[in-house]
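Below are the sequence and a predicted model; questions follow.
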Amino acid sequence: MTMIRRISKHATLSLFIAGGILGIARGNALAQAASSSAQSVSVASDTSSAPINGLYDALRAAQTSGKTAQQRAGIIAPAVDKAFDLEAVLRRSVGLRYNDLSPADRTRLLGSFRQFTIARYASTFKPGTNAVFKVMPQTRANPAGGQIVDTTIGGTTGDSTPVDYIMTSSPSGWKITDILLNGHISQVAAQRSDFGGALGQGGASGLANLLDHKTSLFLHD
């Protein structure tokens, strides 16, 4: 299995193309964003890229020293917690239904989603994967707000795929709030499609159970 196919499979992304996910502005709004982005790109490149560099360092370590999925999950977990705003990703992935969930349901879902995210990485980046990670030296302003960090993940044979990160500033620093596979396939949008059926049939508990089941499969070597 090529690196691109492995990433696509374990990211559980559907073929849904979120054309508006970048919030591409037009007319004056785009012009204003462009005029203010030049300075923000050079200033933000170090800070907004830092979580991605930390995540990729952990994935490199996991695929070289993590003999079991549980070991890899232990290596990856701190980087995921630091790099992602998991609550924001979950809220956007669930959609409007999230507003109707009880605090207890939100807490349980977030815990399951965190474990699912970590386990998905642990399953993908295992010894022998030999993934090559590259973070572009500059970021770009996202017209909808925040920054976009462009990266590629590839194999030693030279095949690679663009994996771009939507970064949003928070009180605790820059955080990932979406991932764009091939530069345009939104993980948030794909997860919203994937999660909708479980939510509709079993509510928050049904979705949490589904995520827990997928986590157990990912962590089974």
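Cool, got the structure. Numbers count the residues shown, from 1 in each chain.

correct me, but residue 49 touches residue 139?
Yes: Residue 49 is in contact with residue 139 according to CB atoms under 8 Å; the separation is 6.2 Å. Just so you know, the C-beta spots here come from the backbone N, C-alpha and C atoms, and that holds for glycine as well.

These two - which one has more neighbours?
Set residue 49 next to residue 139 and count neighbours by other CB atoms under 10 Å: residue 139 wins out with 28 against 22.

per-residue pLDDT, the residue nearest to the more buried one when sequence neighbours are not counted?
Among residues not flanking residue 139 along the chain, residue 147 sits closest, at 4.4 Å (CB to CB, 6 or more residues apart in numbering). Here, the pLDDT recorded for residue 147 equals 94.

State the distance from residue 147 to residue 78.
Applying CB to CB, to the nearest Å, the value for residue 147 to residue 78 is 22 Å.

Repeat that for residue 88.
Taking CB to CB, one finds residue 88 at 19 Å from residue 78.

so where's the longest strand in this structure?
Looking across the chain with DSSP state E, the single longest strand is strand 160-170.

What is the subsequent helix or strand relative to it?
Using DSSP states H and E, the next helix or strand after strand 160-170 towards the C-terminus is strand 173-181.

I'd like the next helix or strand past that following strand.
Downstream of strand 173-181, the first helix or strand assigned by DSSP H and E is strand 185-186.

Relative to that next one, what are the paired strands and their orientations?
According to DSSP bridges, strand 185-186 forms sheet pairs with strand 173-181 (antiparallel).

For the longest strand of the chain, C-alpha coordinates in CSV please.
The C-alpha coordinates for strand 160-170 follow below in CSV (Å, rounded to 0.1, in the frame of the first residue of the first chain):
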residue,chain,number,x,y,z
SER,A,160,3.8,12.3,-1.4
THR,A,161,0.5,13.9,-0.7
PRO,A,162,-0.3,17.5,0.4
VAL,A,163,-1.6,17.6,3.9
ASP,A,164,-2.5,21.2,4.9
TYR,A,165,-3.6,22.4,8.4
ILE,A,166,-6.0,25.1,9.3
MET,A,167,-4.6,26.8,12.4
THR,A,168,-6.6,29.0,14.7
SER,A,169,-5.2,31.1,17.5
SER,A,170,-6.4,30.3,21.0
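
and that strand, how far from the chain's centre?
Put simply, strand 160-170 sits 7 Å off its chain's centre (CA atoms, centre = their mean, to the nearest Å).

and if you look at stretch 192-199?
17 Å.

How about that stretch, which residues are buried there?
Judged by neighbour count using 16 or more other CB atoms under 10 Å, the buried positions of stretch 192-199 are 192, 194-195, 198-199.
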